[in-house]
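Asks: return a 3D structure for these sequence lines:
(2 chains)
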Amino acid sequence: MTPAPTPLLELDGLRVDLRVDGALRRVIHDVSLRLGVGEAVGLVGESGSGKSITARTIMRLLPRGAEVAGDVRFGGRSVLELGARDLRRYRATDVAMIYQDPRAHLNPVRTIGDFLLEGPVHAVGASRADATEAAVALLRSVGIPDAPRRLRQYPHQLSGGLLQRVVIAAALLAEPQLILADEPTTALDVTTQEEVMAILDDQRRKRGVAMLFITHDLDLAAAVTDRLAVMYAGTVAEVGPAADLHRTALHPYTAGLLAARPSTTRVERLTTIPGRPVSAFEVGPGCVFASRCAHVEDRCRAERPALRALEDHMVACHRAEELRGALGLPAAAAR
Amino acid sequence: MASAPSHGSRASHRGALAAGRTLARWLVGPLVTVLVASFVISAALALAPGDPVAQLLGPRPTAAQIAVTRHELGLDRSVPVRYWDWLSGAVHGDLGFSIVHRDSVATLIGPRLGTTALLVAYAGVLILVGGVGLGILGGALRRMSPLVAAITGLGIAIPAFVAAQLLVSVFSLRLGWFPATGAGSGLADRLWHLTLPAIALAVAWAAYVAQITRTAIRDEDEREHVETARARGLTAPVVFRRHVLRNAAIPIVTISGLSIAGLIASSVVVESAFGLGGLGTLLVDSVTARDYNVVQAITVALVLVFVVVTTLIDVLHTMLDPRLRRGAERA
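Replies: Numbers count the residues shown, from 1 in each chain, chains lettered A, B, ... in the order given. Predicted coordinates:
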């Protein structure tokens, strides 16, 4: 699995500090990631591991006073250096974002039609008639048949599942090359989660749009993406193929995360990773996972491992070679 | 398909029901409020200590004189009967007779109403332009925000009567730009006379409105849906107009409306400070003289204006916020 020659999106040694009560606080230590054209990558990790901040950095939507080092390149161009006009064009046509809670992310006093059309009409400059036609067609393809009526309705008149479909339609309407989906189904009813995910997955594949899928659900991410990037405390611990990460994980954290998944066939107490998840600003100079790792040694506490290629994975662990086969992966153990 | 006609009629029925509810909310409700308030005012005046007859007849009247006068004024009847008399007169524009001025209350109020209405309208415009304008400036431009906060903080701390003294001493006594007293005649002259009173009246309210406006805009600016709009590549002015200001308009309308209603009450102070002879002055004088018909007419008028303004705010709210519309169908 060789990465595409010219990656669509490249995160290169990304480091982010946010201003909290006037002081800078590190939330991302070192995130490097590549996304090919049309590729789907899952960004998986516990809450606070920096997934959403990574997405916001890609959109350049960080709160005021944030400091970013490293680079975000889209199609070879540095996003961090875009001027105001280019940044608007990038947001309007290159990348689209889908959020966790559609109800909070739609203006409650504007109609669904206003929401869908303001992107193409105000940001891109399409005619209202053309945009309406495209919006109606898109709403149909995301499973909303009575589109003309929906366009006149307000967000509070639609269910969460319908709203998220509207958000997906709005994202696709811009014909972007990349969709950032930040936990797009977490806030929905369990019954509609699957439906909405299937629509997003299906539409994305049909249109060849790349996706960075942010979630804490490893299994869901594995089902809809090509590769998984596992994040812990503001760093990427491991990147590997989604299809068999559960068998080939190289990082002790990935293995721990896999072991902590609830089984659908056996009822037993969940295995957990000892200790509590640490925040990016709390970690010492060594490996960010050192305080909870069962395989820790002195070197891990002193020196932070870089993300490096091993087999078809990228892994940030000093002992990756030694530990191969010794991580007690649940899938391997069950076999 | 077969169910389409019945669905249509059900929809229109529901529409009529919603219209009925709206009418009840915006017409019947306020009307009942005014009726109840006017009855309470009438009863309170009847029960208040002091007797208008004593004022009328001078020192040492005979018991017979008192009884005759009380009967003439209708003061010997029960409170509900007196209220009913007042109400049936009021609907026809007859507000009773002033025992002090020996004139009908309506002719007494008429010219003064004009002065007070103009003063309040003038101050209202100042609040809308100055207060809302300053608030938008402070909310939209981050750099202006501390300055606006300082100005409004100072403004709120200045009571109307202090503002009146200050304005008179600077702009009429020292600079001579505006008259210190009097209401003037003719529209232009009246506006010129009312400028300082209107400013004195508006300062604190405008500062308050500016503060609320500024915070409403800042709060709205941090909402997720505004981030969504930015993430879609909309320009800053479009995001501000279509999302920030549009949504902040709801609290701004409320506070502006309430402050304009509140102006009517504070106008009393300013009217007496500038010797304007408006409704406020008349009210204070009439209370002292126990001229109950005048007091009743003016207080009910104040209630009426307040109710009209709050109803108007309610109507505007419903226009601004679709979530408040009744009969809005759900998916």
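
Asks: you'd agree A:Ser291 is in a helix?
Replies: No. Under DSSP: H, G, I helix; E, B strand; the rest coil, A:Ser291 falls outside any helix and is assigned coil.

Asks: check what pLDDT B:Ala2 gets.
Replies: pLDDT, B:Ala2: 39.

Asks: ok, now B:Arg21?
Replies: Reading off the model, B:Arg21 has pLDDT 77.

Asks: residues in chain B within reach of chain A, list them.
Replies: B:223-235, B:238, B:242-243, B:246-247, B:250, B:320-323, B:328-331 (C-beta under 8 Å from any C-beta of the partner chain). From N, CA and C alone the C-beta is placed, and that goes for glycine too.

Asks: tell me who's in contact with the residue of the stretch 201-335 of chain A found nearest chain B.
Replies: Proximity of the stretch 201-335 of chain A to chain B (C-beta to the nearest C-beta) peaks at A:Leu212, 13.9 Å away. For A:Leu212, the contacting residues are A:9, A:35, A:40-41, A:43, A:55, A:58, A:178-181, by C-beta atoms under 8 Å, 6 or more residues apart in numbering or on different chains.

Asks: so which of these belong to strands?
Replies: Among the contacts of A:Leu212, the ones falling in strands (DSSP state E) are A:9, A:35, A:40-41, A:43, A:178-181.

Asks: list just the nearest of those residues to A:Val283.
Replies: Of all these, A:Leu43 has the smallest distance to A:Val283: 19.0 Å, by C-beta to C-beta.

Asks: the closest one bridge partners, please.
Replies: In this structure, A:Leu43 bridges to A:Ile214, A:Ala229 when assessed by DSSP bridges.

Asks: how near is it to A:Arg15?
Replies: 17 Å (C-beta to C-beta, to the nearest Å).

Asks: flag every residue of the stretch 151-300 of chain A that's near chain B.
Replies: A:153-154, A:156-159, A:162, A:170, A:174.

Asks: for the host helix or strand of B:Ala248, packing partners?
Replies: Using DSSP states H and E, B:Ala248 maps to helix B:246-273. Applying 3 or more C-beta pairs under 8 Å, 6 or more residues apart in numbering or on different chains; DSSP states H and E, we find helix B:246-273 packed against helix B:105-126, helix B:160-167, helix B:187-221, helix B:279-289, helix B:292-320.

Asks: could you give the average pLDDT over it?
Replies: 87.

Asks: got the buried residues for that helix?
Replies: B:247-264, B:266-273 (16 or more other C-beta atoms under 10 Å in any protein chain shown).

Asks: remind me which residues of the stretch 201-335 of chain A are low pLDDT?
Replies: A:263-268, A:328-335 (pLDDT under 70).

Asks: what do you get if the cut-off is 90, keeping everything else the same?
Replies: Per-residue confidence for the stretch 201-335 of chain A (pLDDT under 90) gives these ranges: A:216-219, A:243-248, A:256-286, A:290-297, A:302, A:306, A:310-312, A:320-335.

Asks: tell me where it has strands.
Replies: A:210-215, A:227-232, A:235-241, A:308-310, A:313-315 (DSSP state E, counting those that start in this stretch).

Asks: tell me which residues are up against the third one.
Replies: Where contact means C-beta under 8 Å, 6+ apart, the residues beyond strand A:235-241 that reach it are A:1, A:28-33, A:41, A:50, A:226-231, A:248-251, A:253-254, A:280, A:288-289, A:307, A:312-317.

Asks: of those residues, buried ones?
Replies: When the contacts of strand A:235-241 are checked for burial by 16+ other C-beta under 10 Å, the buried set is A:28-33, A:41, A:50, A:226-231, A:248-251, A:253-254, A:280, A:288-289, A:307, A:313-317.

Asks: which residue is the nearest non-sequential neighbour of whichever residue of the stretch 201-331 of chain B sits closest to chain A?
Replies: For the stretch 201-331 of chain B and chain A, the shortest gap (C-beta to the nearest C-beta) falls at B:Gly233, measuring 2.8 Å. In space, B:Gly233 comes closest to A:Ala92 once its chain neighbours are excluded; the distance is 2.8 Å by C-beta to C-beta, 6 or more residues apart in numbering or on different chains.
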